[in-house]
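A.B. asks: Predicted model and sequence follow; I will ask about them next.
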Amino acid sequence: DPPGRAEVFARFEAAGEAELLNEFMLMPAGDLLGRYIASERLRGYMMFLGMVSIWGGPSTPQTSYVYGYHACGEFENVFGRWALPVGGMGSIAEALRKGAEHHGATVRTDAPVVEILVSAGCATGVRLADGEEIHAGVVLSNADPARTLGTLLPRDKAPGNLHRRAREHDARGSMARVHVLIDALPHWNGLPATGAHHGAHCIMNATPSLYEDAAEAQRRGQFPDDYVVEALIHSFTDPSMVLRKGTHTLVLGVQQLPFHLKSGSWDDHKDAWTNKVLEIVFRHAPNLRGHVLGTHTITPLDLERTYGMTGGNIFHGSMIGLEHLFSARTAPGGENYRTPVPGLYLCGAGTHPGGGVTGAPGHNAARRVLADWEGGAEKPQRRAGANKALVDQFLDTELGKEVGYQVARSRLARDVTRFFSRVRK
């Protein structure tokens, strides 16, 4: 089960690392990088890790947590290293399917769920779009909390104000992808025409000021004049991704996008926005103009409409703010992967520890379900501190959220951390 925020504070304090906690969780990403990186160009590149699917920019408090979250991967025993699976991300889902079926699971695809069935106040199964009902003693949803409790759970079956609270779940902060099929590798300005750099992660236009411009435009529901754009040529290192000989797959990404636009919808702006992003690419790789065979753009609206992510948030909810992390990253009114509806659990990125391809939320939720089945419903599935501290209860209130925000904006984080730690003890 996830620890409370006060417990996290106490552990940093006990280790004499209050300032590290300030850097790890409370500071703006821009301030964090400004402490250690002199080069604006390098800060711009590294800052991308803190801007992924957020509502804000480099000066937004607590984006240092998002930066740290994306900097702590591990691959082949190398900390901070990340990788792509052969065959694309779908190969991970395929591996999971094979593993589940090997252990007796039945995996259904093209079987959309339209309703969670509830009887006598408990979740008893799901109803599919074709009317079929599947009954079970436990229902786990890896859809986001807003969709699970605000859409799939019938309003008249949601206890209290759960339905309203679920629909108010903070899912601000989105991104978009442009998949580009090209028949020539990009000749990036200032680099050799060919080389190992084509297998690298590329960030174009990476300056702190452009991230701030994007944050301001996002707040207004508009598009900035220029973008920071990431690029990856997966087919350069994985030939299985090549459609035919001589072609490559160029995947572009843009962060800090609004879901709701001041004028029109994403469908209205999709083509023009795609062309704008491509023009940025052509600016950095002029040779690609005339070598684009096709594009496929996934906008924030597409992320919600096609992939079921409320607000187009790939983390199933904000990763910024103490009220969205650790034991607070759960269903409204729920705890430890449970929802207020007995038998209904969340196991997706909207729970601790959040988004990203880690498997941790599902692993933790499964452990919680097994413990509940075995009669250990009240037993915390971690080392200590299962009860919610007074500090955590306070941070869950509107006043507490505001205090947390103001603390993060100030330079008082170290003293407040020590205070929270003492209250916890």
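C.D. replies: That came through fine. Numbering: from 1, shown residues only.

A.B. asks: secondary structure element for Gly355?
C.D. replies: Using DSSP states H and E, Gly355 falls within no helix or strand.

A.B. asks: got a list of what the closest residue to it other than its chain neighbours touches?
C.D. replies: Distances taken as CB to CB, 6 or more residues apart in numbering place Phe315 nearest to Gly355, at 3.1 Å, with adjacent residues excluded. To be clear about C-beta, it is placed using only N, CA and C from the backbone, and glycine gets the same treatment. Applying CB atoms under 8 Å, 6 or more residues apart in numbering to Phe315 gives the contacts 53, 173, 349-350, 354-356.

A.B. asks: Longest helix in the protein, please.
C.D. replies: Longest helix in the chain, counting residues (DSSP state H): helix 266-284.

A.B. asks: So which residues make contact with the following helix or strand past that helix?
C.D. replies: With elements assigned by DSSP H and E, the helix or strand that comes after helix 266-284 is strand 292-298. Contacts to strand 292-298, defined as CB under 8 Å, 6+ apart, come from residues 176-183, 247, 270, 273-274, 278, 306.

A.B. asks: what packs against the helix or strand containing Ser64?
C.D. replies: Using DSSP H and E, Ser64 sits within helix 63-71. Contacts defined by 3 or more CB pairs under 8 Å, 6 or more residues apart in numbering; DSSP states H and E place helix 63-71 against helix 29-36.

A.B. asks: How many residues are close by Asn142?
C.D. replies: Neighbours of Asn142 under the rule other CB atoms under 10 Å: 17.

A.B. asks: same question, Ser240
C.D. replies: 10.

A.B. asks: again, but for Met204
C.D. replies: Met204 has 18 nearby residues by other CB under 10 Å.

A.B. asks: what does Val180 give?
C.D. replies: Val180 has 25 nearby residues by other CB under 10 Å.

A.B. asks: quick one: buried residues of the helix holding Ser64?
C.D. replies: 63-70 (16 or more other CB atoms under 10 Å).

A.B. asks: any idea which of those residues is closest to Cys122?
C.D. replies: Tyr69 (34.6 Å; CB to CB).

A.B. asks: Does that closest one touch Ala349 like I think?
C.D. replies: No. If you go by CB atoms under 8 Å, Tyr69 and Ala349 don't touch, sitting 11.6 Å apart.

A.B. asks: Dead centre of the chain: give me the residue that sits there.
C.D. replies: Phe315 (2.3 Å; CA atoms, centre = their mean).

A.B. asks: before we move on, what SS does that residue have?
C.D. replies: coil (DSSP: H, G, I helix; E, B strand; the rest coil).

A.B. asks: still on that earlier bit, ok, and the most crowded of the contacts of Phe315?
C.D. replies: Gly350 (31 neighbours).

A.B. asks: check contacts around it.
C.D. replies: 144-146, 169, 315-317, 329-331, 361.

A.B. asks: if we can go back for a sec, how far off strand 292-298 does the longest helix of the chain point, in degrees?
C.D. replies: 130 degrees (axes from the mean of the first three to the mean of the last three CA atoms, to 10 degrees).

A.B. asks: low-confidence ranges in this structure?
C.D. replies: 376-425 (pLDDT under 70).

A.B. asks: May I have the residues that are in contact with Leu181?
C.D. replies: Counting by CB under 8 Å, 6+ apart, Leu181 has contacts 243, 247-250, 292-295.

A.B. asks: ok, back up a step: would you format the buried residues of helix 63-71 as a markdown table with distance to Glu19 included?
C.D. replies: Output for the buried residues of helix 63-71, formatted as a markdown table (distance: CB to CB, whole Å):
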| residue | distance to Glu19 |
| --- | --- |
| Thr63 | 18 |
| Ser64 | 12 |
| Tyr65 | 15 |
| Val66 | 19 |
| Tyr67 | 16 |
| Gly68 | 14 |
| Tyr69 | 19 |
| His70 | 21 |
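
A.B. asks: for the protein, what spans make up the strands?
C.D. replies: Using DSSP state E, the strands of the chain run over 74-75, 78-79, 113-119, 122-128, 133-135, 139-141, 174-182, 202-204, 229-233, 248-257, 292-298, 344-346.

A.B. asks: need the contact list for Gly312.
C.D. replies: Shown in contact with Gly312 (CB under 8 Å, 6+ apart): 171, 174-175, 257, 259, 299-304.

A.B. asks: mind redoing it with 10 Å?
C.D. replies: 53, 171-176, 257-259, 266, 298-305 (CB atoms under 10 Å, 6 or more residues apart in numbering).

A.B. asks: returning to what we had before: just the contacts of Gly350 now: which is nearest Gly195?
C.D. replies: Gly195 lies nearest to Phe315 out of the contacts of Gly350, by CB to CB, at 34.0 Å.
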